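Asker: 3D, please:
(one chain, ligands or ions: 1)
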Amino acid sequence: MTRPLYQAKADFFKTLGHPARIRVLELLSEREHAVGEMLPEVGVEATSLSQQLAVLRRAGLVVSRKEGSTVYYTPPGPNVKGRSGSIQLRHVDAGSCNGCEIEIGSAFGPVYDGERYGARLVASPRHADALLVTGPVTRNMAEPLRRTFEALPEPRIVVAVGDCARNCGEFAGAYGVEGPVGAVVPVDVEVPGCPPEPAAIIAALRGLTGR
Ligand code: SF4
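Answerer: Next comes the predicted model:
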C-alpha cells in the first residue's frame, strides 16, 4: 500500500528538523567533509554528530566512505533510488592525458573492484545510465561527446572525472580546448584530483549506486 502524503511529509521533517542535521546538509552541499571538519561548524559533541549522521544516512540523505581511519560524508548522487543499486557507465575520453584512465582502470581492477558496488563499464552509450568523462573537452571531441550524451537513455547522468574535466585543469586556455565537460553537457557529479585516486572514483560511483 502507498504511504499517505501527510506521513511522507511528517517523516521528511522528522529527519531534517534538527538544527545539527540541517547544518550538516548545508556543509555537505558545498563539498565532502570528514567528521572532524564538521564538528566546529556544527557545534555539537562528537557523539551527537555521529548520531545525527547515522539518522541522515539511514534516510538516504548522506553517504559515507572510509579512507584510512577517516570517514568522509557526502550527499548521494542524483537518482540513487532510481538506479536500484547498480549503474552502467560509458567512458568517454574527451581529451585526457590518460592519467585519469589509468586510475579508472584501477578503480575497476581487482583491488578496488568497482563492480562489487554495482558500477559496470559498458561499450555503448545506449546500454549505459551514465557517462564517465575525462579530460578537458577538445574541439574535436565536443560534438562526439554531445552525441554520446544524446544516445544515453533518460535520465542521463554525467560524471566528470579529474580536474581537467571539471575546469580544464592543466590544459586551461590551450588552443585546442573547447572547455570543461560542463560547458558541453550537464554535469551531475564531479570527482576532483589530477588524477583522482581510485578510491575517490569509487566513492562517487557508490554515491550513484547507493551501495
Ligand atoms: S586531470 Fe590530470 S591526470 Fe586527468 S586528464 Fe587532466 S592532467 Fe591528466
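Asker: quick one: contacts for the closest residue to the ligand within the chain?
Answerer: As assessed by C-beta to the nearest ligand atom, the ligand sits closest to G99 within the chain, at 2.6 Å. Using the backbone N, CA and C atoms, a C-beta is placed for each residue, glycine as well. Residues in contact with G99 (C-beta atoms under 8 Å, 6 or more residues apart in numbering) are G162, C194, P195.
Asker: likewise P153?
Answerer: R126, D129.
Asker: my read is it is in a helix, agree?
Answerer: No. According to DSSP: H, G, I helix; E, B strand; the rest coil, P153 belongs to no helix; its state is coil.
Asker: out of the contacts of G99, who's nearest L208?
Answerer: Ranked by distance to L208 (C-beta to C-beta), these are led by G162 at 17.0 Å.
Asker: spatially nearest residue to the closest one, not counting backbone neighbours?
Answerer: With C-beta to C-beta, 6 or more residues apart in numbering as the criterion, G162 has its nearest non-adjacent residue at 4.1 Å, and that residue is C100.
Asker: list the contacts of R23.
Answerer: Neighbours of R23 in contact, by C-beta under 8 Å, 6+ apart: E41, V42, G43.
Asker: how about the residues of the chain near the ligand?
Answerer: Residues of the chain lying close to the ligand (C-beta under 6 Å from any ligand atom) are 96-97, 99-100, 134-135, 162-164, 169-170, 194-195.
Asker: biggest separation within the residues you listed, which pair?
Answerer: Largest separation among the residues of the chain next to the ligand by C-beta to C-beta: T134 and E170, giving 12.7 Å.
Asker: the two: who's more crowded?
Answerer: T134 (27 against 12; other C-beta atoms under 10 Å).
Asker: quick one: low-confidence ranges for this structure?
Answerer: Under the criterion pLDDT under 70, the flagged ranges of the chain are 1-4, 7-9, 11-17, 60, 66, 77-84.
Asker: and the strands in it?
Answerer: 33-34, 63-67, 70-74, 87-93, 119-121, 130-134, 137-138, 157-161, 177-179, 189-191 (DSSP state E).
Asker: what is the fifth one packed up against?
Answerer: For strand 119-121, the contact count by 3 or more C-beta pairs under 8 Å, 6 or more residues apart in numbering; DSSP states H and E identifies strand 87-93, helix 198-209 as packing neighbours.
Asker: pipe the ones you listed into TSV and attach mean neighbour count per row.
Answerer: Converted to TSV, those look like this (neighbours: other C-beta atoms under 10 Å):
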stretch	mean neighbour count
strand 87-93	22
helix 198-209	23
